[in-house]
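Enquirer: Any chance you can model this:
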Amino acid sequence: MRTTMDRAATRAATWGLFVAWLVHDLEEVATMRADSRRLLAKVPDRVPLPAGWREGGLPQRHVNAAVVLMGTTVVAAAAQGHRTGGRSGLYQSALLAFGVHGFGHMAISVAARRYTTGVITSPTVVIPFWLWARRRLRTAGVPSTASPKAAAAVVPLLWTTHVLAYLLTRGRPGSRRAPRDPAG
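Expert: Below you'll find the model as predicted:
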């Protein structure tokens with residue numbers, strides 16, 4: 001039988017995933033455009049990019065849309081985790097992906113030898129929350145149902161999110177899409 005303390009622990013661990021993600025992604029909203037400008041400027045010319053991205057980075061509207069789209073996935077995983085008392089494989093796999101991705105942010109900064117988007121909140125929010133939530137769930141007697149394969153699905157989900165963000169924001173003010181030729 002679950003105690004009130006166990007329920008409070010799983011509530012904090014499940015909804016906390018969304019809160020920790022939100023704090024982390026606020027850093028990304030604030031910094032991704034400038035950081036992407038440095039990164040996309042190095043992409044070879046033979047690689048096609050939307051107009052203006054190579055010179056200006058990801059448009060802020062694109063960044064905002066991508067964050068909102070990813071947020072819907074994170075809030076769904078957190079809600080499923082809450083509904084199941086933290087036992088949901090979807091929630092636990094999302095929690096695993098969230099924690100591991102924090103190490104990715106740090107590795108990218110080390111490789112780049114500079115600040116890269118997300119690196120401030122990775123060691124201060126992402127990884128500590130992930131470790132804390134796993135410990136809280138274990139202490140509350142919640143068995144591990146995380147799937148490394150499901151967690152790895154975040155990579156194609158990230159690309160899909162950016163494609164959808166592009167489709168939703170292309171041609172809108174601030175998207176820097178090349179103007180159409182009225183004659184053609």
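
Enquirer: now the helix or strand bottoming out on mean pLDDT in the chain: how far from the chain's centre is it?
Expert: In the chain, no helix or strand scores lower on mean pLDDT, DSSP states H and E than helix 148-152, which sits at a mean of 89. Centroid separation between helix 148-152 and its chain, computed with CA atoms, centre = their mean, to the nearest Å, is 15 Å.

Enquirer: how far away is Ala107 from Val19?
Expert: As judged by CB to CB, to the nearest Å, Ala107 and Val19 stand 24 Å apart. Bear in mind the C-beta positions are built from the backbone N, C-alpha and C, glycine included.

Enquirer: likewise Thr160?
Expert: 24 Å.

Enquirer: now Arg87
Expert: According to CB to CB, Arg87 and Val19 sit 20 Å apart.

Enquirer: So if I had to pick from the two, which one is more boxed in?
Expert: More crowded of Arg87 and Val19, by other CB atoms under 10 Å: Arg87, with 17 against 14.

Enquirer: could you list every residue that touches Leu40?
Expert: With contacts defined as CB atoms under 8 Å, 6 or more residues apart in numbering, Leu40 is in contact with 49, 53-54, 57-58.

Enquirer: Only C-alpha atoms, please: export stretch 25-40 in PDB.
Expert: The C-alpha coordinates for stretch 25-40 follow below in PDB (Å, rounded to 0.1, in the frame of the first residue of the first chain):
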ATOM      1  CA  ASP A  25      14.500  24.700 -22.200                       C
ATOM      2  CA  LEU A  26      14.100  28.400 -21.100                       C
ATOM      3  CA  GLU A  27      18.000  28.400 -21.300                       C
ATOM      4  CA  GLU A  28      17.700  27.000 -24.800                       C
ATOM      5  CA  VAL A  29      15.000  29.500 -25.800                       C
ATOM      6  CA  ALA A  30      17.300  32.300 -24.700                       C
ATOM      7  CA  THR A  31      20.500  31.000 -26.300                       C
ATOM      8  CA  MET A  32      19.800  28.600 -29.100                       C
ATOM      9  CA  ARG A  33      19.500  31.200 -31.800                       C
ATOM     10  CA  ALA A  34      22.900  32.700 -31.200                       C
ATOM     11  CA  ASP A  35      24.500  29.300 -30.600                       C
ATOM     12  CA  SER A  36      23.000  27.900 -33.800                       C
ATOM     13  CA  ARG A  37      24.300  30.900 -35.700                       C
ATOM     14  CA  ARG A  38      27.900  29.800 -34.900                       C
ATOM     15  CA  LEU A  39      27.100  26.200 -35.600                       C
ATOM     16  CA  LEU A  40      25.200  26.600 -38.900                       C
END
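
Enquirer: Quick check: mean pLDDT of it?
Expert: Across stretch 25-40, the average pLDDT comes to 95.
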